[in-house]
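Q: sequence first, then the predicted structure:
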Amino acid sequence: MKEMTDRRSVSASVARWGLLLLAALFVLLPFWMTTLGGFKSLGELRVSPLGLPRQWDATAYLDILTSSMTWQMMLNSVVITGFTVALVLIIASMLAFTFSHIRFAGKQYLYSYVILGMMFPGATAILPLFIKIRDIGLLDTYAGVILPQVAFGLAMSVLLFRTFFEQLPKELFEAALVDGCSYGRFFWTIVMPLSKPILATVGVFILVGSWNNYIFPLIMLNDQSVYPWPLGLMEFRGQYGSEWNRILAYITVTILPAVAFFLYAQKYIVAGLTGGAVKG
Amino acid sequence: MKSVDIALEAQRTSRLSAVKDWLYRHNTGGRLSTLLLFIPPALMVFTLLVILPIAESGVYSFYRWNGFTALSDSGRWVGWRNFQFILQDPVFHQAVWNTAKIVLISLLIQLPLAMMLALSIASKGSLNTLFRLVYFLPFILADVVAGLIWRFIYDGNFGLVAAFTQLFGMESFYPLADRDWAFNAILVVVVWKYFGYHMMIYIAGLQSVPNDLVEAARLDGASRLQIIFRIKLPLIMPAIRLSIFFSVIGALQFFEMAMPLVTSGGPSGSAHTIVTYLYEFGIVRSRIGFGSAVAVLLFVMCAIFAFIYQRFVMARNTA
Amino acid sequence: MLKLKHLVVSTCVGTLLAVCSTQLVAEETVTVLHNQQDQFIRDTWDEIRVDFEAQNPNITVQLDFMDDDAMKARLPTLLQSNAKPDLYWSFGGGNYRVRAEAGLLADITDKADRLRANIGSGAMSAFEVNGRLYGAPYRLAQVGFWYNKSLFEQAGVNADTIETWDDFLDAVSTLKEAGITPIAAGGAERWPLHFYWTYLAMRIGGQDLFQSILADEASFDNEHYVRAGEELRRLAELDPFQPGYRGMAYNEAAGVFGNGQAAIHLMGEWDIGVQTSESESGEGVSGDNLGYFNFPMVDGGMGDPSATLGGVDGWAFTSGNGSDAAVRWLEFFLAPEQQRKLAAAGIIIPVANGAAEAVEDPHMKQIAENIANSSWHQVFWDQALGADVGGVINDVSAELFAGEISPEEAVDRVQQAWDFR
């Protein structure tokens, strides 16, 4: 009897390990091929996409890393993402604070109105948005991408901020009001410093979305000097057609910052990207 | 004459003081000024750039218009014709079906896979942490990057598929060029990129399941499967609901990943999703009116989903 | 000859005067957006640019490249933004017309005297909309069958005997039997496939029918265009293309032809360069090995077999950007001297007066003659009919090849799009 359960648990554990390793292989193989592909010649890539390069050829990588265009695009992404994150954090937390701490008529309606935005992807608005951004003269500017990104990041952020603010101890708020502290000061001097975890969570959520965003820049930007990196990547692919070794090298260069950031701040990233939402 | 003036004046002052009084009462702690300062920025951005454009799509959808000049100059009212055209277009049907396929593949393959993995590596341990990191890795990539990497893998001359066909001496195969395969190939990329994400949601849920509950059940002689189905899954329903929500919303806005994988919706538009269809006709072929009609239909689908989700999924939770 | 001398002299004087007058003007940059893949052509253009800048020290010309597919997708938004170039590569035809009428292009009618003097009025008219000029032609193009002579020989096919569509289909079968991929095609972009359907429609339906469709007196939904679809199906049933053609862009298909992996490529004469630069060796199908024949006639067709499908391709000025400097660059670039240089290098079939004699490449010469002797030179349908109708024609052509729609459904869909334009 005991032997049987043992055997069953052995086979269960084999199955478990099999599944885990298979899934890991499925995930990692594309990364492996991409990173190494950038070191191969086109001819070698054709016959052996999987193996180690016979001769490590870093030309493709060096070409990319020494091109000022690469760095310009990374910088553009930093600017766009930086402003998007900062703006969302400020205006979304302010709005969420009024929802959580101030009583006013129609609050519930206003909240539902904003949360509605979570249901509707940017694509539903993309055509009028293009015309609007064009008509106010913001095409080919950072702002032309930042504003739509902020707008479509608000709903989720307000939800997360409100949930967090409402969990702050009520006594804190009452004590502050008794001391004659205004709502504004209460928000900036007491709530904000306590909100670092949620700021990080929302910040990461918006940061990753903005850093990786393609559809808004695709439509709003035509000037290469303001392209963020995803546009740059697609542009590069267009230039080099099927010279896959170069394209793979470019991909590797663009994903390095993301991977490094992920390893550095994984706790917040996981919290931010899973919506910070799963608490029992 | 004069007395009327005085009466009016008195009325005016009293009204003024009433307003002042009201302001004072309502502005304790700077409440009113805080509201006036804190609400408008987010509300304006949201209204101008989210709600208004969605409403404008509704207007544009009744026009034939290329958007180059003002609607009043070059728009032509066509009534419901844009909608008629879209609803009759087999490519649009395919796009909707493909969008539904993303949801189905999520529910039937991706989420169960994510759950199985989550259950086996939810407990603490450095090896488990490593696996988690690995599975989550694709999710931090941009969709265009994921698409481009797999474009290479699927390339019949270079990639993994090519290596495979060469190995077995088969004729070269181009999944993305094949009407029956193109979208399925894209679905593989969807699973590749997102299963780790859903797994992470489940792990976060599983870690909040009280350990003593599981222990108590085990002492009572519950089997592994019983513990999973009777205790763990019911307790992490919120996480499951959340991941379903993200799957559906993600499917409805699926676009960026497809861009590097297929050109204008792939062979015969067989790999279009609703949003790539919208982009192809609205932007590339400059038909703002037609594209807006697609946007309106997308909006309706989102609204229907939101309704169903609120009504049935969320309701079951509170029951 | 006298006329030519006169032109040259006036050009020189004009340039001199221009140089003098611009001494006072501040530095200006003219940006030009093109989709030219071929490095040799880009280099030649660059030489012209250097010459121009030497003569016009205050003007800098910037030639920017974007790949064709991306450019098509980008132009609609690009033309509405401030990042637009001064000039961009444009075909004459419906798209150009729509953009001109929408105010996206700059009207240069009043500055065009020298352009008009240099360029034949026939080609020029392709860039006129309601009597106004928004750009100018650069070259003529004709689509036809390029083939690999040694592969033909290997299969025992003689291109000279291909006179009818049936002959062509026989040749394809023979190549196939010899184990050679008969035809390369860039099916992902679809437009390379629409050449087949539209050429067949031209051969079968003729010019009068097409003109009356444009005038809304006839419909795409006619027996001749249905037959075009049926004839296309006969080719499709031979499974003539390289594997995976539906996933390949034009330049990838050009590479397949250039590598000698397929025997035929239906394409414009620009393919001579592109199949060379896209081939792995960088040599392409070169010299004597490259052959050309016209799209054959179809038995029972009403179309004149001399009719040509192709382009009058050139440059368009974007709105707000028809500056004197930009016009001067285009005048220089399209002047007989440059056109002769480009023609002599085998790059273009020129449009400038008197430049045609400079064409030396035998293929280019033949195509120049074809167009000159053509009773009907029709601009690519997907360009001529506008982006939306053109897009549908490209779609249905691809679907016809895949056997996913019937010839009747194809004309139905095109007519539907045409009615709804």
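A: Yep, that arrived.
Q: got the residues of chain C near chain B?
A: C:69, C:72-73, C:76-77, C:80, C:98-99, C:102-104, C:187-190, C:243-249, C:387-388, C:391, C:395, C:398-399, C:402, C:404, C:416, C:420 (C-beta under 8 Å from any C-beta of the partner chain). In this view, the C-beta of every residue, glycine as well, is placed from N, C-alpha and C.
Q: which among those end up buried?
A: By neighbour count, with 16 or more other C-beta atoms under 10 Å in any protein chain shown, these hold C:69, C:72-73, C:76-77, C:80, C:98-99, C:102, C:104, C:187-190, C:243-249, C:387-388, C:391, C:395, C:398-399, C:402, C:404, C:416, C:420 as buried.
Q: okay, and which of these map to helices?
A: Among those, the members falling in helices (DSSP state H) are C:69, C:72-73, C:76-77, C:98-99, C:387-388, C:391, C:395, C:398-399, C:402, C:416.
Q: let me know the pLDDT of A:Thr274.
A: With respect to pLDDT, A:Thr274 scores 69.
Q: please report how far the residue nearest the centre of chain B lies from chain A.
A: In chain B, the residue lying closest to the centroid (C-alpha atoms, centre = their mean) is B:Ile249, at 2.6 Å. Relative to chain A, B:Ile249 is positioned 7 Å away (C-beta to the nearest C-beta, to the nearest Å).
Q: could I get the contacting residues of that residue?
A: B:Ile249 sits next to A:Met118, A:Met119, A:Pro121, B:Cys302, B:Phe305 when contact means C-beta atoms under 8 Å, 6 or more residues apart in numbering or on different chains.
Q: was I right to think the first one contacts A:Met156?
A: Yes: with the criterion set as C-beta atoms under 8 Å, A:Met118 and A:Met156 qualify as a contacting pair; they are 5.6 Å apart.
Q: and the helices in the stretch 201-319 of chain B?
A: B:211-219, B:224-226, B:233-235, B:237-252, B:258-261, B:274-279, B:288-308, B:315-318 (DSSP state H, counting those that start in this stretch).
Q: so for the second one, mean pLDDT?
A: Taken as a whole, helix B:224-226 has a mean pLDDT of 86.
Q: ok, the last one next?
A: Taken as a whole, helix B:315-318 has an average pLDDT of 53.
Q: tell me, which of the contacts of B:Ile249 make contact with chain C?
A: Counting by C-beta under 8 Å from any C-beta, no member of the contacts of B:Ile249 reaches chain C.
Q: make TSV out of the residues you listed and add pLDDT.
A: As requested, those are arranged in TSV below (pLDDT from 0 to 100):
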residue	pLDDT
A:Met118	83
A:Met119	81
A:Pro121	82
B:Cys302	91
B:Phe305	91
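Q: which one of those residues is nearest to chain C?
A: Ranked by distance to chain C (C-beta to the nearest C-beta), these are led by A:Pro121 at 19.5 Å.
Q: ok, that closest one to chain B distance?
A: Taking C-beta to the nearest C-beta, one finds A:Pro121 at 3 Å from chain B.
Q: how far away is the spatially closest residue to that residue that is not a sequence neighbour from B:Pro260?
A: Spatially, and ignoring its direct neighbours in sequence, A:Pro121 is nearest to B:Gln253 (3.2 Å; C-beta to C-beta, 6 or more residues apart in numbering or on different chains). Going from B:Gln253 to B:Pro260 by C-beta to C-beta, to the nearest Å gives 17 Å.
Q: looking at those two, which has the bigger crowd around it?
A: B:Pro260 (23 against 20; other C-beta atoms under 10 Å in any protein chain shown).
Q: that one against B:Ile153, yeah?
A: No: applying C-beta under 8 Å, one finds B:Pro260 not in contact with B:Ile153, separated by 11.9 Å.
Q: what's the neighbour count on the closest residue to chain C within the stretch 101-250 of chain A?
A: At 3.3 Å from chain C, A:Asp223 is the closest residue in the stretch 101-250 of chain A, using C-beta to the nearest C-beta. Burial of A:Asp223 is recorded as 14 neighbouring residues (other C-beta under 10 Å).
Q: quick check, it in contact with A:Asp140.
A: Yes: using C-beta under 8 Å, A:Asp223 makes contact with A:Asp140 at a distance of 4.3 Å.
Q: quick check: neighbours shared by these two?
A: Going by C-beta under 8 Å, 6+ apart, residues that sit against A:Asp223 and also against A:Asp140 are C:Ser81, C:Asn82, C:Ala83.
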